[in-house]
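J.: Provide a 3D model corresponding to the input given below.
(3 chains)
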Amino acid sequence: MKCDAYRVAELARVARGTVVGDPDTMVDGFAGLSDAAPGDIVYAEKDRAVEAALAGPAACIILTSVPPDSSRTFIRAAGPRLAFARILHHMAPPRLPPRGIHPSAVVASSAKVGEGVSIGPLCVVDDGAVIGDGSVLTAGCYVGRDATLGVACILWPHAVLYPGVHLGDRVIVHAGTVVGSDGFGYVHDETGAYAKIPQLGTVVIEDDVEIGANTAVDRAALGRTVIGTGSKIDNLVQVGHNVAIGAHTAVSGQAGIAGSSSIGARCILAGQVGIADHVTVEDGVIIGAQSGVPTGKRIGKGQVVWGTPARPVDEAKRMIAALSMLAKGRRRGPKHGPDPAR
Amino acid sequence: MKCDAYRVAELARVARGTVVGDPDTMVDGFAGLSDAAPGDIVYAEKDRAVEAALAGPAACIILTSVPPDSSRTFIRAAGPRLAFARILHHMAPPRLPPRGIHPSAVVASSAKVGEGVSIGPLCVVDDGAVIGDGSVLTAGCYVGRDATLGVACILWPHAVLYPGVHLGDRVIVHAGTVVGSDGFGYVHDETGAYAKIPQLGTVVIEDDVEIGANTAVDRAALGRTVIGTGSKIDNLVQVGHNVAIGAHTAVSGQAGIAGSSSIGARCILAGQVGIADHVTVEDGVIIGAQSGVPTGKRIGKGQVVWGTPARPVDEAKRMIAALSMLAKGRRRGPKHGPDPAR
Amino acid sequence: MKCDAYRVAELARVARGTVVGDPDTMVDGFAGLSDAAPGDIVYAEKDRAVEAALAGPAACIILTSVPPDSSRTFIRAAGPRLAFARILHHMAPPRLPPRGIHPSAVVASSAKVGEGVSIGPLCVVDDGAVIGDGSVLTAGCYVGRDATLGVACILWPHAVLYPGVHLGDRVIVHAGTVVGSDGFGYVHDETGAYAKIPQLGTVVIEDDVEIGANTAVDRAALGRTVIGTGSKIDNLVQVGHNVAIGAHTAVSGQAGIAGSSSIGARCILAGQVGIADHVTVEDGVIIGAQSGVPTGKRIGKGQVVWGTPARPVDEAKRMIAALSMLAKGRRRGPKHGPDPAR
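T.: Numbering: from 1, shown residues only, chains lettered A, B, ... in the order given. Sure, this is the predicted structure:
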């Protein structure tokens, strides 16, 4: 994609990298390796990618080891992808709506709106809500009574914050996502019907969290549902009431975490993972796609698990391999298995 | 959480319980056991919980068996959790927007709006729609042409009711949920392309149903999709066209029910369950998390099933145990493995 | 359902079928077989359905082989269901809002609005957006900066198109669906925190695509996420960044496709299927419900696969059967199975 032109020296500074070659080289676009055009900047991490980049027309290549005897221009960086991300933020900053309150927005007089805030068309900001400095409500967003946003948050269209929920600083919430809906809490009454347990707690989204589109984060029954600093939640994720997610954890699309479960810091939950209620996932755990973790289970620090019920990934793979063998009529294990010749 | 103060005698009456101790004890808050502060009311169901409650500062404890020789104040109730839920409804009733139609709402002149209705900012109520007495549309809700709501319904922000769908009394629909979208019905035409089968039926949501956030309930192709009285549907659930869900059934987060399947009364579908099309689940069935029920299958009354394909839970567990053994290189059964001849 | 009355001759022409019997028979309604009333038109594909139709009161039956000696009126068509669909489109066309821009809509002066467009209440159309001739934005829809819609598109309430995405002609997007949200792209920075990789690509939805409710289609990191001509996407589906879906493919409810995966033409993904990243699914593949396809995997043309990890359906079924046997203490295969003693 093309954009304004930048000197490589400037981009290297942004990327916290080093120029090798001509720092006055101009870059006016960015691309993936297979799409690079003259003037573009690209990044390459593996050897094969570096070769492809060198064979292509890019004006500047971000990489870790500069090849000898090249007359090209490079930015050397320990993490080329991270450097590229920083350069993209610089070359193509998000185009957000202008500051101010659109005349079609409905903002309660008791709401506190900070400096440099943008409240777009058809947003609703209810009584007592707080919109921190520099935050942006793009369009059609709903911020309920006494809900609070820190500074520099972005709500994409139709994001919904129920009353009383709290967002830290620089939180991004994508379109259609709901924060603070009632948890799924009922108790049978004398007739066997479900009586609703009022959901009176709240949700706290800490700083630098980003939440994808059409996700649902339930408020706590009592107390708080928490998503920790820097964690990233994908689209269509369910976060149940009283769940606690630690810092810098990634939850992929369509994963679901049931009530009162706790996920540690720096975990990765792959797509469509299901965590039942009252589960404890310790720090640094990786849970493979579509895994299911049963009620009350604990997964120890740093484990890599997979399957339903989730177990150490090697064990899960052995189980599948063994079953495949079994279905083919062979015993597992090369020595005592049946003779494939018969 | 703190709130107005109430006499225990009043709370016992609300809870349909009995005071043991001083009925004039004042309660000005409520909490879970681990967070209780002086003045709070708590509930305790198991012995260990009762001990914890007695060791804590709560002003009043709801329980089933009052310990001898205690000078504390109790509410005795057969179901402490149910009693607590009723007390929470009393102490912390939902704060809903004021009655009346917000000037920013767009309400068709042909719509029928009952007594004591609240239609919040930026709602749309289309031609011929009916909003029953005391119903609340919080903000940004859409009620399509000829859709009807009974009395005392609550639509949370951005709930969408397509044209012609029907909600009974006291139905709650959370934010972002869609009722009445077209079912997924196509037929191949002569060129192999999909031709859309018009989805001309409707949806009927019976009394006392609650539906979570960002759920989708499709209208029937012809006829009706039905969710029965008192059933509770969680977030991000898919209910396909012509599905019938009986009364007092619970469907947990991210479960999906494909077209024309029928779920009985008083069933429980756990999280991420998938029900294929034309399935019959009879009354009182419990389906474990992530289970899959194949097309056309019937699950008999009161069964507890798990797995994909779903089968009786004991059998499913035995299969997993057997596979685990197999993968470890051991035959199932401790020493000699079962003799296949017997 | 009852509607205006039509001559069978007219309906046969619409259905591209042939009248057998009286072409002047009047039809004033349509129904499924079990609900047919006098005056209705029904269709019947299997012998049993034909018998049921003949035993019922329908005024006209659509079928492939007309029974001898019947005095009833029929429309003979190679595909009765397709013929019925065409007749339904004719008898019960969608009731869309009137042309014109509702006064409560917020339409940027730089947006290009075609002929015969309907922009309903509380829609937002941002700078530079293009709404093709005859397209309909029902209510509360958001069309971001420079997003484009072709002719005759329908956006149901609260559909969200992020800036810069493109819809072809006759695209239908159901309520709450989000097109163009940021992909889930991060890279660890020096502190171990996630740095966001700006998502600067777009989404292209080709002609005749229909997308269900509360689905999320992410924009590409760079380049395009594509949904091909005539493909149909159900509710609550996740389409990751840089995914390419071919033409005439069906993706059922709650399926998810992770970043950079490619799905061929004329594929069927059943409900809750999970496709990891960088997967290649070739043309004509059918993937059974809840299957999981691991990262980087290729599924060859026309395969029918099932399970996690997905494998040919016969193999998957054999594995389940073998496991069931094993759990029951029996070896697989009654006669020639291996001797457990060795």
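
J.: which ones are touching A:I87?
T.: Counting by C-beta atoms under 8 Å, 6 or more residues apart in numbering or on different chains, A:I87 touches A:L11, A:V14, A:A15, A:F30, A:I41, A:I62. Yep, even glycine has a C-beta here, placed from its N, CA and C like the rest.

J.: just checking, the first one touches A:H89?
T.: No. In this structure, A:L11 is not within contact of A:H89 by C-beta atoms under 8 Å, at 11.1 Å.

J.: Looking at these two, which has the bigger crowd around it?
T.: Using other C-beta atoms under 10 Å in any protein chain shown as the criterion, A:L11 and A:H89 rank with A:L11 on top: 25 against 15.

J.: Could you look up the SS state of that one?
T.: Assigned by DSSP: H, G, I helix; E, B strand; the rest coil, the conformation of A:L11 is helix.

J.: Please report how far the closest residue in space to it that isn't next to it in sequence lies from chain B.
T.: Nearest residue to A:L11 in three dimensions, chain neighbours excluded: A:I87, at 5.0 Å (C-beta to C-beta, 6 or more residues apart in numbering or on different chains). The spacing between A:I87 and chain B, counted by C-beta to the nearest C-beta, to the nearest Å, is 35 Å.

J.: Give the phi and psi angles for A:I87, as a check.
T.: Phi and psi for A:I87, reported as degrees, to the nearest 10, are phi -70, psi -40.

J.: what do you get for A:G180?
T.: Given degrees, to the nearest 10, the pair of backbone angles that A:G180 has is phi 110, psi 10.

J.: Help me confirm that it comes into contact with A:L167.
T.: No. Taking C-beta under 8 Å as the definition, A:G180 is not a contact partner of A:L167, at 10.3 Å.

J.: Spit out the residues that contact the two alike.
T.: Common neighbours of A:G180 and A:L167 (C-beta under 8 Å, 6+ apart) are A:A147, A:L161.

J.: Let me see the contact set for A:A53.
T.: A:A53 sits next to A:L33, A:A36, A:V42, A:Y43, A:A44, A:I61, A:L63 when contact means C-beta under 8 Å, 6+ apart.

J.: what about the second one, neighbour count?
T.: So the one you mean is A:A36. 21.

J.: Distance check, the nearest residue to A:G292 once chain neighbours are set aside against C:G307.
T.: Closest residue to A:G292 in three dimensions, ignoring its sequence neighbours and counting by C-beta to C-beta, 6+ apart: A:T308, at 3.5 Å. As for A:T308, its distance to C:G307 is 12 Å (criterion: C-beta to C-beta, to the nearest Å).

J.: A:V204 too?
T.: Between A:V204 and C:G307 the distance is 39 Å, computed by C-beta to C-beta.

J.: Give the residue spans of chain A that score low on pLDDT.
T.: A:330-342 (pLDDT under 70).

J.: can you map out the helices along it?
T.: Under the criterion DSSP state H, chain A contains helices at A:8-15, A:47-55, A:80-91, A:313-327.

J.: Tell me the buried residues in the last one?
T.: Applying a neighbour-count criterion of 16 or more other C-beta atoms under 10 Å in any protein chain shown, the buried positions in helix A:313-327 are A:V313, A:A316, A:R318, A:M319, A:I320, A:A322, A:L323, A:S324, A:M325, A:L326, A:A327.

J.: Does that helix reach chain C?
T.: Yes. Residues of helix A:313-327 are located near chain C by C-beta under 8 Å from any C-beta of the partner chain, namely A:I320, A:L323, A:S324, A:L326, A:A327.

J.: Ok, stretch A:240-248 next?
T.: Yes. Counting by C-beta under 8 Å from any C-beta, chain C has neighbours in stretch A:240-248: A:H248.

J.: Could you work out the end-to-end span of that stretch for me?
T.: The straight-line separation of the ends of stretch A:240-248 (C-alpha to C-alpha, to the nearest Å) is 19 Å.

J.: so A:G288 sits right up against A:V305, yeah?
T.: Yes. Using C-beta under 8 Å, A:G288 is in contact with A:V305, at 6.8 Å.

J.: what sits in contact with each of the two?
T.: A:V313, A:A316.

J.: burial of the closest residue to A:T280 other than its chain neighbours, as a residue count?
T.: Closest residue to A:T280 apart from its sequence neighbours, by C-beta to C-beta, 6+ apart: A:R298 at 4.4 Å. Counted with other C-beta under 10 Å, residues neighbouring A:R298 total 12.
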